[in-house]
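Asks: give me a model of this one.
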Amino acid sequence: MVADELGDLKQVGDEFMDLGKRGSLITSPDFEFGISNVNLDRRRSSALEAKGFPSISAGTPNDNAIEHAILRKKQSIKRIFGYPISVPFIIANEFCERFSYYGMRTILMIYLTKKIMLDDSTATMWYHEFVALCYATPLIGALIADVFIGKFKTIFILSMVYCAGNAVMAVTAVGKWSIFRSDRTEDPLTGEISYTPALWGPLLGLHLIALGTGGIKPCVSSFGGDQFMASETHRLQRYFSMFYFSINAGSTIATVLTPELRGTACMGEATCFPVAFGVPAVFMVVAVVAFLIASPWYIKVPPLGNPLVEVAKVGLSAAKRLLYGITVPSPEQIYGKVKFGETKQLCRVLAIFIPFPFFWALFEQQGSRWIVQAGRMNGKLGKFNIEPDQMQVFNPILILFLIPIFEAVVYPIMKYIGLPTTAIFRMVLGMVLVALSFVICGFVQLGMEQRVSSFNDEHGTNWTFTTFPITEQIHILCTLPQIFMITCGEILCSITGLEFAYAYAPPSMKSVCQSFFLLTNAFGNIVVIIVQSFQLKDLVAYFFWAGVQLLAAGLLVFISRKVQKPLEHYRNMNIASAAANATKVSLKELEDKDRKGSQPFED
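Replies: Take a look at the predicted model:
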């Protein structure tokens, strides 16, 4: 009877092998490290019971106790169209949060240059400093979640910090209030009054937002992944696609709306930045509410320890072994085979991440240097005028359009013609496309500069590139090819990188590994700040960045050849272990039902 109900056990094993793209069940680091502690098991059991998990006996091995409890909890959760009932709320939370973030960030460069009156170079550096913090703080959020309070509480607390930052941005943008104002000017012709807000207001708000958005970033996606059974490979894949879809849906609407809001007259001024920042603040509040509503249905995995401290200990032990040789014990002897294996796996994943800062260095310039370039182009389109910051809307629109095309058309065609569709190949191809986008951008810049020279020769004028009338410049839609190319690169690199960080990370380090992937974005923005300090000409800079990205793609190929086999081997071993544990759980439950005289898996 048990065999009939379970079906082919080989199929169960194959399902877990397919899980390679998304990781496996979360296991206890204490069991993985070979520690057996009955009191610790009891404390973990109490923590699980308090969160709604079934009771665990004190004598159960720690790994099986936690894995089995999580598995049974997942099996009991209500579902909608086959998905855990909490998943729509997680996706709604992400949609609203991304609307808030991109709604604010879309108009940030214009706010810094046109309202606070910073020069282009200074505004660029502050912009990338903010983005760098947004992607550096995920490491803090991951540590808080994995070590102290878990993902759920981390997301809630830092979301409140996020709300406070949005409120500061909106309130301090009201320049007519003297406490937030640094200057007041009046146009002698029109009589329009313009207030220049003090710089301290947005800096305070931006740093609070960076802590909030960065802190929750590594937790939300993996928190959603925690809601699924390990065998739900295809649903988990669709979840990540829907998750990324919600990101771009929120950013698309925000990128269209907030530039329109900031261009509307209000409060006695020609612009309305307080409302443009206030709407994203409201959406962030909605995001928190949506997240809290589903609290009773979440799988809230308790924090499993401090993986970074353990990694540091293993690394120190390995360094001693290299220095003193066989006179000191090996890390494997001191900390156990599993802990040593997890540390090596983490290092392999981090090695793959090494070229990614250069990818992000180019990608993030869409919101800074590309906005400056678009600001010098003709935006007239009939009766309408396309604002330079509104050009950013084409990226999320293309994402929404291209993701299903890549899944249904591009990847199958690649397989059909014999091209690999592995994660590494997709990431390398994405980097090449991003490099090509900057080559296109460079030629657009060359065309703009030649337009000025040709106009001066024809009309006997002496315009410079920065003073040349925008209405005589080439059209702003000429930037669409570079936007299309960088969006294709984003799909291949960013989505694949997010999946890679989740799939190949050691089980107890999912959030930490994703935070390291996001940390590469912070390093990329720091690289931009450093290069910006050299004041390269725009034309030279665009081709320089294209060359840097091609070198980064070559570096990724080189690194992957060194670590790909051990990466795959560790993942497959981990999946096989999860399959064995899941099989044991199913067999035991069926045997318990048989003893009670019930029929398992009844409809």
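
Asks: show the pLDDT at Asn581.
Replies: We have a pLDDT of 68 for Asn581.

Asks: my guess is Asn93 contacts Ile293, does it?
Replies: No - using CB atoms under 8 Å, Asn93 makes no contact with Ile293, being 9.4 Å away. Yep, even glycine has a C-beta here, placed from its N, CA and C like the rest.

Asks: next up, the contacts around Phe465.
Replies: Arg376, Met448, Glu449, Val452 (CB atoms under 8 Å, 6 or more residues apart in numbering).

Asks: so how do I select the buried members of these in ChimeraX?
Replies: Here is the ChimeraX command that picks out the buried ones among the contacts of Phe465, judged by 16 or more other CB atoms under 10 Å:
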select :376,448,452
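
Asks: now render the contacts of Phe465 as CSV, adding distance to Ile253 and secondary structure.
Replies: As requested, the contacts of Phe465 are exported to CSV (distance: CB to CB, whole Å; DSSP: H, G, I helix; E, B strand; the rest coil):
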residue, distance to Ile253, secondary structure
Arg376, 27, coil
Met448, 30, helix
Glu449, 35, helix
Val452, 36, helix
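
Asks: same for the helix or strand Ile575 falls within, what does it pack against?
Replies: Per DSSP states H and E: Ile575 is located in helix 538-595. Contact partners of helix 538-595 among helices and strands, from 3 or more CB pairs under 8 Å, 6 or more residues apart in numbering; DSSP states H and E: helix 2-6, helix 9-18, helix 62-76, helix 337-353, helix 356-363, helix 369-374, helix 423-459, helix 496-504.

Asks: out of these, deepest packed?
Replies: Among the helices and strands packed on helix 538-595, judged by mean count of other CB atoms under 10 Å, the one packed with the most neighbours on average is helix 356-363 (a mean of 25).

Asks: quick one: that one to helix 423-459, angle?
Replies: Relative orientation of helix 356-363 versus helix 423-459 (axes from the mean of the first three to the mean of the last three CA atoms, to 10 degrees): 30 degrees.

Asks: what's helix 356-363 in contact with?
Replies: Applying CB under 8 Å, 6+ apart, the contact partners of helix 356-363 are 135, 430-431, 434-435, 437-438, 486, 489-490, 493-494, 497, 517, 520-521, 523-528, 531, 545-546, 548-549, 551-552.

Asks: got the CA positions of that helix in PDB?
Replies: The C-alpha coordinates for helix 356-363 follow below in PDB (Å, rounded to 0.1, in the frame of the first residue of the first chain):
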ATOM      1  CA  PHE A 356      29.100  41.400 -11.500                       C
ATOM      2  CA  PRO A 357      30.100  44.800 -10.000                       C
ATOM      3  CA  PHE A 358      31.100  45.800 -13.600                       C
ATOM      4  CA  PHE A 359      27.700  44.700 -14.900                       C
ATOM      5  CA  TRP A 360      25.900  46.800 -12.300                       C
ATOM      6  CA  ALA A 361      28.300  49.800 -12.900                       C
ATOM      7  CA  LEU A 362      26.900  50.000 -16.400                       C
ATOM      8  CA  PHE A 363      23.400  49.100 -15.700                       C
END
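
Asks: to Leu400, which of the helices and strands packed on helix 538-595 lies closest?
Replies: Nearest of the helices and strands packed on helix 538-595 to Leu400, taken as CB to CB: helix 496-504 at 16.7 Å.

Asks: which residues are in contact with the closest one?
Replies: Among residues not part of helix 496-504, those counted as contacts by CB under 8 Å, 6+ apart are 20-23, 221-222, 225, 240, 244, 345, 348-349, 352-353, 356, 423, 426-427, 430, 510, 513-514, 516-517, 567, 570-571.
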